[in-house]
Every structure is written in C-alpha cells, then in structure tokens.
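below: sequence and its predicted model.
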Amino acid sequence: MKMRYAFTLPVSILLAILFFASTIGAETASDHPSSEEGITINFSTWHPSESMEVQTVWIPMLDALKVGSGGRITYALFDGEVLGSGPEHYEIVANGRSDMGYATLTWTPGRFPLSDVLSLPASIECKETSTDIGNAVYDRALREEFSDVKVIELNPCINSHLWTKEPVSTLEDVRGLRIRSPGGLQTRCIEAIGAEPVFMPLDSVRGAMENGTIGGIVTCPSMVQSFGLGDVADHCTLVTFGCVGEGLFMNLEAWDKTPEDLLPIIEEVCQNPYRTTGGMTKETYDEIIADLNESGVVFVSLQPEEEGRWHAAFQNMTREWVADLEVRGLPARETVEIFNEECEKRDVVCVAFPPEWR
C-alpha cells in the first residue's frame with residue numbers, strides 16, 4: 001500500500017521566509033546587486049518516493065525555496081536512488097550529477113573518519129534536534145572533512161534500535177548473531193556486544209533476513225516502515241544505538257553559480273529542513289512505533305541493570321575508536337567531547353560517552 005502524507009507549510013515559517021526574502025535586496029543592494037535570474041535545483045536523495053522523508057521534508061523544503069525566492073528557485077526531484085545507490089549519493093552531489101542532495105556518510109566507511117562521531121549512540125528523538133547537534137559539531141570540529149562540497153546541514157539522524165527475528169533481552173541473546181550495520185560506529189557497537197556486523201544497503205535487508213544471511217538489523221523506526229521490514233524483523237529491542245551521520249550538501253559549482261541574493265534563502269530554508277517543514281518530529285516517530293506495534297512488531301525494553309551492560313560495552317567501544325584515530329593524529333577525543341557537549345545542551349544523553357571524560 002502506498003503511503004500518502006499531507007503537508008502544509010506552517011504559516012509562521014512561510015511569513016518568515018517571505019519577510020527574509022523581501023529584505024535581502026534592500027540590505028545588500030549597494031554591495032551585491034540582486035539578479036533576476038532564476039535557478040533550477042536538481043535534488044537527489046536515496047529515500048523512497050513515498051517515504052515520510054520525501055513527502056514531509058524534501059518536497060516541502062523545496063517548495064519553501066520556491067516560495068521564499070518568489071519563484072526564482074525551482075527544482076527537479078530525483079528520489080528513490082534514481083541517480084544511484086545509497087552509498088553513491090555523496091559523490092552524486094560532489095561530482096555534479098545533482099546540484100543538491102542528501103547523503104549518508106557512514107555508508108562510505110573510512111572516508112569521513114571524524115564525522116563517524118555523529119553515529120555514536122545517543123538518545124535523539126527528533127530530526128530537528130539532531131540537525132542542531134550536527135550543525136554545531138560541524139562548525140566546531142568537522143569542517144576539514146568536507147572541502148569538496150558546500151555543507152548545508154549535518155545530522156546524526158535519530159536513535160536507532162535493534163530489530164530481530166527472535167526476541168532479544170540480554171547480551172547473551174546476541175552473541176554471534178549476524179546483524180546488518182548501517183556503517184560508522186554502529187559496526188563497532190555491534191562488535192562490542194558480541195555480534196557480527198554485516199554492512200549492506202537497506203534495500204538488500206529484506207532478502208537477507210528472509211534467507212537467513214542476517215538475523216537482525218540496526219536502524220531507526222522510519223527506515224523499518226519505509227522499507228517494509230516489520231514482518232521480517234518483528235522484534236525490537238529498545239536499546240539506544242544512535243544511528244548514522246548524514247546531511248544535506250550542495251555541489252560547489254552549483255553553489256558558486258547561484259545568484260548572490262538567493263544564497264541566504266537557501267541557507268535559511270535548508271540549514272535545518274526539519275524545523276522549516278515540521279517534518280520527522282518526536283510525535284512522528286512515536287506514531288511510527290505505534291503503527292509498527294499495531295502491525296505485529298513486539299517491542300522490548302531492557303531491564304536497567306542489563307541496559308547498563310550494553311552502555312558499558314558502547315563506552316568501551318568509544319575509548320577504542322578514539323585511541324585508533326589518535327594514533328593517526330586525528331583529534332578524536334576532543335571531537336567526542338564536543339559531540340557530547342552539544343548533546344547535553346539539548347538534553348540528549350550520549351550513552352556511549354565514557355563517564356571518566358566528564
């Protein structure tokens with residue numbers, strides 16, 4: 001069944017965009033004359049066409065650009081891996097196959113070593129907060145890893161969980177289990193609990209679960225819903241796994257060719273697209289979990305003592321990852337401390353942060 005999502009741009013945001021756009025020329029006319037030239041943004045994402053991300057975030061965000069620019073920004077949307085597989089999407093933007101696009105950094109292991117910090121287990125419950133954290137960490141610690149694109153926003157997604165065929169309530173239940181990893185520090189987390197990580201794109205997970213290649217998945221609730229995985233992974237252990245590092249990027253040539261007076265509109269609308277659109281909120285995720293529960297997925301919360309064992313394993317993983325990167329001369333501990341600081345500012349708990357580092 002196809003999912004449809006109704007969306008209305010919030011009036012307060014719409015008015016703010018229009019006001020912002022109307023003042024740009026007046027404030028900067030003497031230095032940067034506005035051009036009446038328009039642009040078409042070719043936008044790419046691996047999210048499926050009918051997903052919540054496309055329907056409640058990307059289309060409304062692109063529509064907000066059109067409104068805020070008085071129609072001078074239009075767009076063409078290439079979703080559902082039309083331009084390439086999920087792991088290709090950063091290169092799709094960097095190489096100019098699209099002008100702007102969404103990419104998951106942890107799907108290209110080793111390319112963004114410090115940015116893996118965004119995949120640390122943290123109890124993030126909505127994308128708006130996630131993006132505020134990611135943007136702050138980018139500003140403070142990650143800029144040097146993105147010289148080949150214009151970074152519009154970065155985010156550590158939202159809290160992922162463990163989805164399995166059989167119920168899991170202790171560390172012993174996952175010993176030796178082959179679990180799909182989205183990459184990044186989730187791979188190390190899976191190893192830390194004694195399981196075997198298997199990296200694969202989401203569109204390969206159903207077949208792998210059905211034929212027994214893997215017995216579990218680490219991902220967030222929206223991806224279980226979007227890819228229809230609730231019937232092959234119908235037990236969810238609500239442990240804080242964190243998620244992936246991802247973000248919205250613009251091709252450098254496309255950015256440089258954009259009329260000067262449109263650049264602030266793009267940044268204003270897109271630097272936190274979830275705030276702009278009101279999409280992917282905590283309420284959204286609560287509804288997804290309720291829908292999955294109603295469809296037959298069984299959710300299990302760990303007992304406090306058992307949860308502490310998982311968190312201790314994640315904290316040891318952080319220590320080892322930091323040690324590995326610092327041998328290479330990378331400021332990994334400082335980056336982890338920055339990530340934790342930005343989480344704490346927003347009442348988010350990074351369960352993988354070693355307590356002795358506070």
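Okay, I see it. Residues are numbered from 1 along each chain as shown.

got the contact list for the closest residue to Tyr102 other than its chain neighbours?
Excluding the flanking residues, the one nearest Tyr102 by CB to CB, 6 or more residues apart in numbering is Thr45, at 4.3 Å. (C-beta placed from N, C-alpha, C; glycine too.) Taking CB atoms under 8 Å, 6 or more residues apart in numbering as the criterion, Thr45 is in contact with 53-54, 58, 78-79, 89, 101-102.

turn the residues you listed into CSV, columns for pLDDT, secondary structure and neighbour count.
Converted to CSV, those look like this (pLDDT from 0 to 100; DSSP: H, G, I helix; E, B strand; the rest coil; neighbours: other CB atoms under 10 Å):
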residue, pLDDT, secondary structure, neighbour count
Glu53, 94, helix, 23
Val54, 96, helix, 21
Trp58, 98, helix, 25
Phe78, 98, strand, 18
Asp79, 97, coil, 22
His89, 97, helix, 27
Gly101, 98, strand, 30
Tyr102, 98, strand, 25
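
of all these, which comes closest to Val351?
Among the contacts of Thr45, Glu53 lies closest to Val351 (CB to CB), at 25.3 Å.

hmm, the closest one is touching His47, no?
Yes - judged on CB atoms under 8 Å, Glu53 makes contact with His47 at a distance of 4.1 Å.

overlap in contacts, these two.
Common neighbours of Glu53 and His47 (CB under 8 Å, 6+ apart) are 102, 226.

return the closest of the contacts of Thr45 with respect to Lys127.
For the contacts of Thr45, the nearest to Lys127 is Glu53 (8.9 Å; CB to CB).

for the longest helix that the chain contains, list every residue counted as buried.
In the chain, with assignment by DSSP state H, the single longest helix is helix 304-327. Judged by neighbour count using 16 or more other CB atoms under 10 Å, the buried positions of helix 304-327 are 310-315, 317-318, 321-322, 325.

roughly how far is that helix from the heart of the chain?
Computed by CA atoms, centre = their mean, to the nearest Å, the chain-centroid distance of helix 304-327 equals 22 Å.

alpha carbons of the next helix-or-strand element following it, as CSV, please.
Sequence order places helix 332-345 as the next helix or strand after helix 304-327, per DSSP states H and E. Presented in CSV, the C-alpha positions along helix 332-345 are these (Å, rounded to 0.1, in the frame of the first residue of the first chain):
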residue,chain,number,x,y,z
ALA,A,332,39.1,12.1,18.2
ARG,A,333,38.7,12.6,21.9
GLU,A,334,38.1,16.3,21.5
THR,A,335,35.6,15.6,18.8
VAL,A,336,33.7,13.2,21.0
GLU,A,337,33.7,15.7,23.9
ILE,A,338,32.3,18.3,21.5
PHE,A,339,29.6,15.9,20.4
ASN,A,340,28.7,15.1,24.0
GLU,A,341,28.6,18.8,24.9
GLU,A,342,26.2,19.6,22.1
CYS,A,343,24.0,16.7,23.1
GLU,A,344,23.9,17.8,26.7
LYS,A,345,22.9,21.3,25.7
